[in-house]
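Colleague: what's the 3D shape of this:
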Amino acid sequence: MNEVQHEIVFFSGHVQGVGFRYATLQVAKEYEVAGFVCNLPDGRVRLEAEGLKPEVEAFLKAVGEAMPGYIRKTERQSARRVAQFRGFAIR
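Modeller: Modelled structure (predicted):
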């Protein structure tokens, strides 16, 4: 099976209640990525995305550019694995 780039990203700052998840969903439509975005109880947003590495990297960069001034900190975990998602969703 083919492996894809898989990223788990935690965004901290003023990222809940500002349309962050919706903006991320809109950006995802412009890239060939799959995964999800969700709010966490501690005030952070979790994003998981997978696809070809250049697509995932461009997508994550575009998410940051779509929400300037809201993200204070970003934590990323990268791996290669067999694809597990279909489409991109808000959870």
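Colleague: which residues does T74 bridge with?
Modeller: F11 (DSSP bridges).
Colleague: how many neighbours does it have?
Modeller: A total of 14 residues lie near T74 under the criterion other CB atoms under 10 Å. C-beta coordinates here come from the backbone N, C-alpha and C atoms, glycine included.
Colleague: Go ahead and list the helix or strand containing A89.
Modeller: Assigned by DSSP states H and E, A89 belongs to strand 88-90.
Colleague: and the spatially most central residue of the chain, what are its bridge partners?
Modeller: Closest to where the C-alpha atoms of the chain average out (CA atoms, centre = their mean) is L47, at 3.6 Å. Note on L47: beta-bridge partners by DSSP bridges are V9, V37.
Colleague: from memory it sits against V63, does it?
Modeller: Yes - if you go by CB atoms under 8 Å, L47 and V63 touch, sitting 7.1 Å apart.
Colleague: and for the two, which residues touch both?
Modeller: With contacts taken as CB atoms under 8 Å, 6 or more residues apart in numbering, L47 and V63 have T24 as neighbours in common.
Colleague: hey, which helix is longest across the protein?
Modeller: Counting residues, the longest helix found in the chain (DSSP state H) is helix 53-66.
Colleague: For it, which residues meet the burial criterion?
Modeller: Neighbour-count burial for helix 53-66, with 16 or more other CB atoms under 10 Å as criterion, is recorded at 55-60, 62-63.
Colleague: now swap in stretch 22-40 and tell me
Modeller: Here stretch 22-40 shows 23-24, 27-28, 31, 33-37, 39 as buried, counting by 16+ other CB under 10 Å.
Colleague: Ok, stretch 71-81 next?
Modeller: For stretch 71-81, a neighbour-count test (16+ other CB under 10 Å) marks I71 as buried.
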